[in-house]
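[1] just to be clear, the model below is a prediction. Sequence and coordinates:
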Amino acid sequence: MADVAHRAGVSVSTVSRTLRGLSTVSDTTRARVEAAARELSFAITRSASSLVTGRTGRVAVLMPNLASWFLSSALSGMAPALREAGLDLLVYSVTDVHERADFFDRLPARRNADALLVVSFALTPAERARLDDLGMPLIFVSQHAPGRPSVYVDDEDAALRGTRHLINLGHRRIAFLQTFDETGFAWSSKNRLAGHLRALDDAGLEHDPSLVMSVPDWKGGGMATAVGRLMSLQDPPTALFAETDDFAFRLLAALRAANVPVPAQVSVMGFDDHVMAEVLGLTTLAQPAVELGRTAVRLTRSVIENSDGAQERHIVLPTELVPRGSTGPPPAAGS
C-alpha cells in the first residue's frame, strides 16, 4: 500500500479509502490511485479491509441445490448484481438431510459474510433460531417470511389463477401433482396446492383426495406409476396441474409413453416458465426467476446499509399465466 501511495503521490490512508470505495476521495485522486494499483498489481484483501470496516464484502446464499432451473436462474440474477456492487458471492448448496444437519450444526457462514440469503428453503423453527445466532441479516428469497426482509411471488394466488384457467376451459376433474419430499426441503407445493383448492372452492367443485398426488421418484419410474393410477380412475381427470415445469416435462413424457394424447384427452399445466416450456408448448405460470435474484440483491444491500424499513420489507413480484398448446377444452363426453 505504501508503494501505491508513493507512485500516486498520496498518503497511505488515501489509498486505503480509495480501494475501499469510500466517497470521501475525489474522482481525480481515485483515478490516480487505481492506476498506480494496477501498475503494481496491487489489490486490498477482503480480510484486511474487514478489520477496518467490520464487513467481509461477501454475501452468502443458502439453497437446496444448484440443479433446478429455477434456483440456478435466481442465482444467475444474483451474481452480476453482486459483482456490480463490489460484493463477492459465497454459495452453500445443501442437498440432503445429512448436509442440512451439518450446515446448521457448524454454521459455516458465521463471520464469512455480511448477509445470508435463504433461497427456497423451508426452515424449521430450530433452524431459523440457529441462523439468528449468526448475528448477520437474513433475507428470504422465493418465500414469505413474516417480520423478515423477503422477495417472493404469491404462489397461492398464481396457482388459483392457473386452476381457474383450466376451469374456464371446461375442466371439472383437475388433478394436482407434487413432488414427494422426505427431506424437508419442500417450499412451494403447500401454497400452490392451497391456491388450487381455493379455485375449486370458488367454482363450487368438490375436492377429490384421489386427485391430489405426491409422486416419489418422479425423475424415475414414479411418474409413470402416477399417470397409470390417475388415468385408471373410474372418473379420470381431464387436466393435470404439475407443481413445477420440471415436473410437468416428466409428466408429458409419461403421458406420451402411455399413448395419452395432450391436450386431446388430458391437458397439462406447469409452474415456472422454464426455458424449455415454450419449446415444448407447455402452458405454465411464469415467475421472474432471474429478477427475483436481482431484486434480492438490491434488498440485501439496503439491509446491509441499514436503510429505513429494509429489515421488514416484503417485495412481491408478479406472475403471469402463459397459455400454450398443452391445455385445451376437455374431451366431449363419450369420446
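    Here it is on my side, so go on.
[2] with just CA atoms, put whatever helix or strand Val118 lives in into PDB.
    Assessed by DSSP states H and E, Val118 sits inside strand 116-119. Presented in PDB, the C-alpha positions along strand 116-119 are these (Å, rounded to 0.1, in the frame of the first residue of the first chain):
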ATOM      1  CA  LEU A 116     -27.300 -14.600   4.300                       C
ATOM      2  CA  LEU A 117     -29.900 -15.100   1.500                       C
ATOM      3  CA  VAL A 118     -32.100 -18.100   2.300                       C
ATOM      4  CA  VAL A 119     -33.500 -19.300  -1.100                       C
END
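[3] who does Ala175 bridge with?
    With DSSP bridges as the criterion, Ala175 is bridged to Leu240.
[4] could you chop this structure up by domain?
    2-44, 54-153+289-317, 155-287 (automatic domain parsing).
[5] one step back: so which elements touch the strand holding Val118?
    Applying 3 or more CB pairs under 8 Å, 6 or more residues apart in numbering; DSSP states H and E, one finds that strand 116-119 contacts strand 58-63, helix 69-84, strand 138-141, helix 289-304. Every C-beta, even on glycine, is put in place using the N, C-alpha and C of the backbone.
[6] which of the ones you listed sits most buried?
    Compared across these, strand 138-141 shows the largest average neighbour count, a mean of 26 (mean count of other CB atoms under 10 Å).
[7] which other residues reach the strand holding Val118?
    By CB atoms under 8 Å, 6 or more residues apart in numbering, the residues outside strand 116-119 that reach it are 59-64, 71, 74-75, 78, 109, 131, 134, 136-143, 145, 296, 300.
[8] again, but for stretch 303-320
    Against stretch 303-320 from outside (CB under 8 Å, 6+ apart): 55, 114-115, 137, 139, 144, 147-154, 157-158, 161, 273, 285-288, 291-292, 295, 299, 302.
[9] just the buried residues of the residues you listed.
    Burial by neighbour count, 16 or more other CB atoms under 10 Å: within the contacts of stretch 303-320 this picks out 114-115, 137, 139, 144, 148-154, 157-158, 161, 273, 285-288, 292, 295, 299, 302.
[10] any idea of the pLDDT on Leu160?
    Leu160 is assigned a predicted lDDT (pLDDT) of 98.
[11] with Pro149 instead?
    Per the predicted model, pLDDT is 94 at Pro149.
[12] how about it, what does it touch?
    Residues in contact with Pro149 (CB under 8 Å, 6+ apart) are 137-140, 299-300, 303, 310-314.
[13] repeat that for His274.
    69-70, 244-246, 249, 282, 284.
[14] so where do the strands sit in the stretch 101-250 of the chain?
    116-119, 138-141, 150-153, 174-179, 212-215, 239-242 (DSSP state E, counting those that start in this stretch).
[15] for the fifth one, which outside residues touch it?
    Residues outside strand 212-215 that contact it (CB under 8 Å, 6+ apart) are 175-181, 193, 222-223, 225-226, 229-230, 247.
[16] please list only the buried members of these.
    Among the contacts of strand 212-215, the ones that count as buried (16+ other CB under 10 Å) are 175-179, 193, 222-223, 225-226, 230, 247.
[17] of all those, the one with the weakest confidence?
    Thr179 (83).
[18] which strand residues bridge that one?
    Using DSSP bridges, the bridge partners assigned to Thr179 are Val215.
[19] isn't it right up against Trp218?
    Yes. Contact status for Thr179 versus Trp218: in contact at 6.1 Å, counting by CB atoms under 8 Å.
[20] identify the contacts common to the two.
    What both Thr179 and Trp218 touch, as defined by CB under 8 Å, 6+ apart, is the set Phe247.
[21] could you measure the nearest residue to Ala257 once chain neighbours are set aside against Leu251, distance?
    Spatially, and ignoring its direct neighbours in sequence, Ala257 is nearest to Ala224 (6.6 Å; CB to CB, 6 or more residues apart in numbering). Using CB to CB, to the nearest Å, we find Ala224 at a distance of 10 Å from Leu251.
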